[in-house]
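>>> Pasting the sequence and the predicted model now:
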Amino acid sequence: MGEHADRGLESLDETVERVLARVDGPLRVGAPLGLGKPHRLLNALYRRVAGDPSRELALYTALSLDVPVGTGALERRFLEPFVRRHFGEDFERLEYVAAQARDALPANVRVEEFYLRSGAMLGSGSAQRAYTSLNYTHVARGLVERGVNCIVQRVARGADGRLSLSCNPDVTLDAVDAFDAAGRPRPLLVAEVDPRLPFLGGVAAVEAGWFDLVVAPPPPHPRLFGLPRQPVGDADWAVGLYASALVRDGGTLQIGIGALADALCHALVLRHSDNATWRRALRALDPALERHPAVVESGGLEPFEQGLYGCSEMISEGFRALVERGVLRRRVLEDEALMRRVVDGAASPEDLARLEREGEFLHGAFYLGSHDLYDWLGRREAEGRRGVGMRRVSEVNQLYGGHEALERLQRRSPRFFNSCMLATALGAAVSDGLEDGRVVSGVGGQYNFVAMAHALDDSRSVLMLRATRESGGGVLSNVRWSYGHTTIPRHLRDVYVTEYGLADLRGACDEDCVRAMLAVTDARFAPALLEEARRVRKVAPDARLPERCARNTPAELAARLAPFRADGTLPDDPHGSDFDAVERRLLRALAWLKAATATRGARLRTLAEAWTRGVTTDAAALARMGLARPAGLAEHTQARLLALALAQPARP
């Protein structure tokens, strides 16, 4: 492979023509998820095939990134300036994504994804029909089964000419090996060099000849996709604090993405760097938490003397904080005998010196986050600071890739933290789809990690969720009696965390599961949940709500966290923000307004109130939205609504 590689191409159109010349018949293309997708090359390929009905294109991928687009006039006013600033005027949006969203893909183009941007394609028939439900670790096999004949990837180029898969060694390496193992021809491998992408070595680096075609388009080079960092609210902070007490010093950490994960990472940093304040925050939430059996048996309350090892599908913002603040520092090596000596306490000084010199404390299959995260990764590599290594998804997300004994030694006392949308009182989780069959996102690696938690010693799977959600102008419980779709079955139930506490379900009978879940359910919904459990005889007829359930309200939670929110211990933006102070105020206001206009009746009431209230004194917010001098009825209405929203007190 690579003997006749074209590695000096600069034209995307020329590259497309060479791909079409080398692939006979339908073009079946695999592309990495997220940041590793070469937007410019894919757009050139899509345009070429879309304009030629004689060729067919099937794209197999996941998580096709796109800039946010507002759904209403005020959202658009907020987002358009932010998108230009944050993503850049020349950011290359994926053309197939826009076509797919409006069900306008050409007849000769099909896009199949195993993970969708959360909620982005609920209204797309083509995306829903072509969704493939797969564990992340099964994707390489799926590419072989589909007969993929071309793989495209964004890469970084090193000073020595090598190419780095950088953000996405996850599936590409596994896929090439899977084709070899199946005796199938390797797909045509095509790289697009992006000088903005950090060069990461180790497993992620390959010789330039590994690819058949390498295109390095001339400048200008658009900015990398920076995931906007979202603010963290009271419910998120409570979940993060509770979860942080379940981690054992010297253990292993896997964490998902989102505000709950950000809160957990900050809470772990707080536990390590300001333990006294962290404990006060825990006691404010629950004075008895330190005696909770799950904390006593599976967690810890002390700073991290040994440190943790991170082994996570995705490296995100929070991991940077964990490394910088000294929480992630337990190193591992790809040496089973040495790791055995370390675990047994028999490591020699030479072993420990080698571990410190060559070992790594964070492994991931892909990374995605802010520009600050990308700069940090690039600086570490350039300065030769060992510690962070990118790996195949088959190595990170499972035990059964041929190195199980070594991985068991490395992954001591693992804690797998993932988020879900809903949970049932009997312990099943809903994370990827709705009960009508529509897909919100995808399974990704969640099932892998939950199953691994039951396969490893001293391991726990922790599913985090907010106890309620706003929908249709009302509030719904995220703890249900039952739901018509399941991502994690109830027989894999372990620990659930909401803003109201911990529910340890591992090995528990159904009645005890119900009691534990009632204790972490919002007080407004717990009575109906208990009544349903009585009706189907899962609790005794005289069963009562747990005593603590009465305080499970947003107002009570806000009061308990208020001192820590006020003094900056639990900030809105623990890992930095991509929004300025005015935009953060606007974000809160727009969130309130969305909830206040969710139904026709609510819209009418909110409009009436907006026209009877005074105009806001927040001139900076109005100016940012282009409404400092509204013209016409529509703009005056928008300004009034915005004024009303800005006047609302901060919500829990």
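Alright, I've got the coordinates. On a predicted model such as this, the values are computed, not experimentally measured, just so you know.

>>> May I ask which helix or strand encompasses the one residue sitting closest to the centre of the chain?
Nearest residue to the geometric centre of the chain (Cα atoms, centre = their mean): residue 257, 2.8 Å. Using DSSP states H and E, residue 257 is not contained in any helix or strand.

>>> Next up, the contacts around it.
Shown here is residue 257, whose contacts under the criterion Cβ atoms under 8 Å, 6 or more residues apart in numbering are 314, 316, 368, 419. Any C-beta I mention is one placed from the backbone N, CA and C, and that applies to glycine too.

>>> Please repeat the previous calculation with a cut-off of 7 Å.
314, 316 (Cβ atoms under 7 Å, 6 or more residues apart in numbering).

>>> Number the residues from 48 up from this point.
Fine by me, first position is 48 from now on; the one you just mentioned is residue 304.

>>> any idea of the mean pLDDT for stretch 85-93?
Averaged across stretch 85-93, pLDDT comes to 97.

>>> same check, this time on stretch 400-417
What stretch 400-417 shows for mean pLDDT is 96.

>>> Equivalent analysis for stretch 669-680, please.
Rounded mean pLDDT across stretch 669-680 is 93.

>>> separation between the residue nearest to the centre of the chain and residue 298?
21 Å (Cβ to Cβ, to the nearest Å).

>>> in the stretch 198-347 of the chain, which spans are strands?
Ranges of strands in the stretch 198-347 of the chain, per DSSP state E, counting those that start in this stretch, are 210-211, 235-240, 252-253, 260-262, 299-302.

>>> Can you list the helices and strands that the fourth one packs against?
For strand 260-262, the packing partners by 3 or more Cβ pairs under 7 Å, 6 or more residues apart in numbering; DSSP states H and E come out as strand 53-56, helix 59-69, strand 235-240.

>>> got the residue ranges for the strands in the stretch 348-497 of the chain?
356-362, 409-414, 435-437, 461-466, 469-471, 476-477.

>>> got a markdown table for those strands, with mean neighbour count and distance to residue 646 too?
Output for these, formatted as a markdown table (neighbours: other Cβ atoms under 10 Å; distance: least, Cβ to Cβ, whole Å):
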| stretch | mean neighbour count | distance to residue 646 |
| --- | --- | --- |
| strand 356-362 | 25 | 36 |
| strand 409-414 | 25 | 39 |
| strand 435-437 | 23 | 47 |
| strand 461-466 | 26 | 27 |
| strand 469-471 | 24 | 22 |
| strand 476-477 | 25 | 24 |
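
>>> about what we covered before: where's the residue nearest to the centre of the chain relative to residue 507, distance?
Taking Cβ to Cβ as the measure, residue 304 falls 19 Å from residue 507.

>>> quick revisit: roughly how far does the residue nearest to the centre of the chain sit from residue 277?
Remark: distance between residue 304 and residue 277 (Cβ to Cβ) = 10 Å.

>>> can you check residue 634 too?
Computed as Cβ to Cβ, the residue 634 to residue 277 distance reads 9 Å.

>>> Return the set of buried residues in stretch 434-454.
Buried residues in stretch 434-454, counted by 16 or more other Cβ atoms under 10 Å: 435-446, 453-454.

>>> Identify the farthest-apart pair in these.
435 and 446 (21.7 Å; Cβ to Cβ).

>>> which residues of the stretch 548-697 of the chain score low on pLDDT?
Low-confidence segments of the stretch 548-697 of the chain, defined by pLDDT under 70: 661-662, 697.

>>> Going along the chain, name the strands of it.
Counting by DSSP E, counting those that start in this stretch, the strands of the stretch 548-697 of the chain are 548-551.

>>> residues touching residue 168, list them.
Residue 168 sits next to 148, 174-175 when contact means Cβ under 7 Å, 6+ apart.

>>> does residue 159 really touch residue 180, like I thought?
No. Counting by Cβ atoms under 7 Å, residue 159 does not reach residue 180; the two are 11.3 Å apart.

>>> out of those two, which sits in the more crowded spot?
Set residue 159 next to residue 180 and count neighbours by other Cβ atoms under 10 Å: residue 159 wins out with 18 against 13.

>>> Please report the distance of the more buried one from residue 301.
From residue 159 to residue 301 the distance is 27 Å (Cβ to Cβ).

>>> who touches stretch 132-149?
86-87, 89-90, 93-94, 106, 111, 113-114, 152, 156, 158, 168, 171, 173-174, 267, 269-270, 273, 275, 625.

>>> again, but for stretch 443-450
Residues outside stretch 443-450 that contact it (Cβ under 7 Å, 6+ apart): 183-184, 358, 360, 410-412, 441-442, 454, 492, 495-496, 499, 502.

>>> Now for the residues you listed: which two are most distant?
Of all pairs drawn from the contacts of stretch 443-450, the one with the longest distance (Cβ to Cβ) is 411 and 502, at 20.4 Å.

>>> What is the least confident helix or strand in this structure?
The weakest-scoring helix or strand in the chain, judged by mean pLDDT, DSSP states H and E, is strand 53-56 (a mean of 70).

>>> can you map out the helices along the stretch 348-497 of the chain?
For the stretch 348-497 of the chain, the helices defined by DSSP state H, counting those that start in this stretch occupy 364-371, 383-391, 396-405, 418-429, 440-443, 451-457, 493-502.

>>> which residues sit against the longest one?
Defining contact as Cβ under 7 Å, 6+ apart, one finds that helix 418-429 is touched by 245-248, 271, 273, 364, 367, 414, 435, 623.

>>> In ChimeraX, select just the buried ones from those residues.
Entered in ChimeraX, the line below selects the buried ones among the contacts of helix 418-429, by 16+ other Cβ under 10 Å:
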select :245,246,247,248,271,273,364,367,414,435
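
>>> Kindly reformat the contacts of helix 418-429 as CSV and extend each row with distance to residue 82.
Shown next, in CSV, are the contacts of helix 418-429 (distance: Cβ to Cβ, whole Å):
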residue, distance to residue 82
245, 10
246, 14
247, 12
248, 18
271, 6
273, 10
364, 14
367, 15
414, 7
435, 16
623, 18
